[in-house]
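Asks: I need the structure of the sequence given here:
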Amino acid sequence: MFRRFLAPGALALAMFVASSAWAASDADLAQIRDEIRQLKENYEARIQSLEARLKDAEEASAKLAASAASPPPAAATTSSSSGLAAFNPAISAVLQGRYANLSQDPEKYAISGFAAGGEIGPGKRGFSLGESELAISANVDDKFAGNLIVSLTPENTVSVEEAYGIVTALPNGFTPKFGRFFSGLGYLNEQHQHVWDFIDAPLAYQAFLGGQYGNDGAQLKWVAPTDQFLEFGAEAGNGAGFPGSDRNKNGAGTGVVYGHTGGDIGASQSWRAGLSYLQTRAQGREFAQTDLAGNDAQLGFNGTSHVAIADFVWKYAPNGNAQDTNFKLQGEYFWRRERGDLTYDRDGALGSTRTADYASSQSGWYLQSIYQFMPYWRVGLRYDRLDPGHGDYGANAAFLATPSFDPQRTSVMFDYTPSEFSRIRLQLAQDRSRAGATDNELFLQYILTLGAHGAHRF
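Replies: Okay, the predicted model is just below:
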């Protein structure tokens with residue numbers, strides 16, 4: 001009887017186990033099918049995402065190729081070359097100091113036959129700080145960029161050296177600038193002092209522009225879309241800088257126009273040349289001059305001043321690589337004509353105050369060469385010369401005469417530049433700017449740059 005119950009029970013148990021196994025297989029298959037479906041959906045979404053990214057990348061590549069085919073606007077190039085960061089202000093500081101050994105008293109410095117103005121002379125004897133700079137520059141938005149450079153003098157004074165805006169949105173190579181800036185006339189004038197190849201400005205810059213000509217006003221530059229570099233510029237400003245003077249009048253007190261051209265000669269040579277013209281007006285410009293009796297007479301000038309400059313620079317670097325060795329030849333010629341009224345003994349100290357017609361024509365030039373003979377090390381030679389020309393003093397000819405002495409100076413420099421952020425310079429000079437006096441000068445200078453600083457011009 002037990003067997004009669006055992007056989008049907010075993011059969012029922014076998015059917016139950018088989019049924020359970022079959023149900024479990026169906027659940028597993030359903031799960032696998034569901035996972036496959038989910039994988040397909042994920043991969044399809046992933047593929048669609050990749051296809052969308054590929055399309056965007058192709059469109060961006062096409063736009064980049066189109067912009068590379070046509071040159072960028074000059075305004076954008078100017079912003080880049082000036083170190084104007086995109087919206088994030090670039091902040092930098094330039095620290096300078098020096099030691100000067102001078103055989104003549106710098107307090108008595110003068111350039112014989114030339115009216116003094118601006119910052120001229122060799123500066124203080126002994127140890128002293130040089131002029132330091134604090135610079136802040138950035139893009140303002142997609143249409144404007146700005147630059148602020150504050151000068152910190154050794155006398156603990158602060159002045160605004162440059163503070164200007166640039167319009168970056170104009171096409172066709174036009175770049176307007178407005179505010180306070182160094183004029184684009186000549187070659188050296190637009191460069192800051194810490195990038196000069198010598199510690200001081202050439203005599204021609206000191207005699208005709210008071211060291212460096214700045215302007216409060218507006219500037220417009222245009223770079224032609226040609227293979228050869230062609231740049232034209234015009235400026236209008238208040239004319240307060242020497243050889244002009246501050247005026248209490250509306251309108252522009254000075255006008256500047258210039259043109260520059262240049263290019264490459266093969267892979268190793270490049271050059272730039274230019275012509276510039278400045279017209280300004282002086283009112284009550286004061287200076288001293290030795291009269292025929294040997295007195296230091298105080299003079300006052302009212303009239304117009306016209307300055308023309310021709311500049312040229314040639315650079316050589318083997319195969320265009322200036323890292324190891326390079327050579328630069330640079331020179332500028334100045335010519336100035338002034339007409340107006342000249343007041344002799346304006347302060348009455350000599351008891352002979354007199355105002356008469358006045359006209360003069362003067363010139364000057366400098367030529368310098370810089371040779372980097374190995375990495376980091378350079379040597380340079382500069383020669384300056386001025387011609388007082390001739391002056392028509394009118395009725396004041398009884399007291400004044402144009403000096404026959406031609407001021408001149410010879411300078412030799414040797415510097416070490418371990419990086420673009422530092423420089424140590426030794427300079428020797430024999431300065432014959434003043435009749436009857438020779439100043440033997442020795443300078444030792446350091447220049448340290450902190451932070452990002454814009455690229456310098458050609």
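
Asks: wait, is N319 part of a strand?
Replies: No: looking at N319 with DSSP: H, G, I helix; E, B strand; the rest coil, it is helix, so not inside a strand.

Asks: domains in this protein, as residue ranges please.
Replies: 1-70, 73-450 (automatic domain parsing).

Asks: can you add distance to F458, mean neighbour count and mean pLDDT and give these back as TSV?
Replies: For glycine as for every other residue, the C-beta is placed from the backbone atoms N, C-alpha and C. Converted to TSV, the domains of the chain look like this (distance: least, CB to CB, whole Å; neighbours: other CB atoms under 10 Å; pLDDT from 0 to 100):
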stretch	distance to F458	mean neighbour count	mean pLDDT
domain 1-70	23	10	57
domain 73-450	6	18	92
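
Asks: quick one: L209 and I120 touch, right?
Replies: No: assessed by CB atoms under 8 Å, L209 is found out of contact with I120, at 9.9 Å.

Asks: ok so, going back, out of the domains of the chain, which comes closest to R457?
Replies: domain 73-450 (6.4 Å; CB to CB).

Asks: who's in contact with V313?
Replies: Residues near V313 by CB atoms under 8 Å, 6 or more residues apart in numbering: Y187, W271, R272, A273, K328, L329, Q330, G331, F458.

Asks: out of those residues, which are inside helices?
Replies: The helices, defined by DSSP state H, take in nothing from these.

Asks: check the gap between F144 and P122 for me.
Replies: When distance is defined by CB to CB, to the nearest Å, F144 is 40 Å away from P122.

Asks: I should have written N302 there, sorry.
Replies: To P122, N302 is 31 Å away according to CB to CB.

Asks: in the stretch 301-450 of the chain, which spans are strands?
Replies: Assigned by DSSP state E, counting those that start in this stretch, the strands in the stretch 301-450 of the chain fall at 326-344, 354-374, 377-392, 408-419, 422-434, 437-450.

Asks: and those: which comes nearest A163?
Replies: Of those, the one closest to A163 (CB to CB) turns out to be strand 437-450, at 20.0 Å.

Asks: three-state assignment of the residue nearest the centre of the chain?
Replies: In the chain, the centroid-proximal residue (CA atoms, centre = their mean) is Q191; its distance is 4.7 Å. Look at Q191: counting by three-state DSSP, its state is coil.

Asks: quick check: it touching D311?
Replies: No: counting by CB under 8 Å, Q191 does not reach D311; the two are 11.8 Å apart.

Asks: quick revisit: with distance to Q48 as extra columns, can I get the strands of the stretch 301-450 of the chain in CSV?
Replies: What follows is those, written out as CSV (distance: least, CB to CB, whole Å):
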stretch, distance to Q48
strand 326-344, 56
strand 354-374, 59
strand 377-392, 61
strand 408-419, 51
strand 422-434, 55
strand 437-450, 51
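
Asks: quick one: closest of those to Y277.
Replies: That would be strand 326-344 among the strands of the stretch 301-450 of the chain, by CB to CB, at 9.9 Å.

Asks: who does that closest one pair up with?
Replies: In the sheet, strand 326-344 lines up against strand 296-316 (antiparallel), strand 354-374 (antiparallel) (DSSP bridges).

Asks: can I get those strands in CSV including distance to G391?
Replies: CSV is the format used below for the strands paired with strand 326-344 (distance: least, CB to CB, whole Å):
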stretch, distance to G391
strand 296-316, 11
strand 354-374, 4
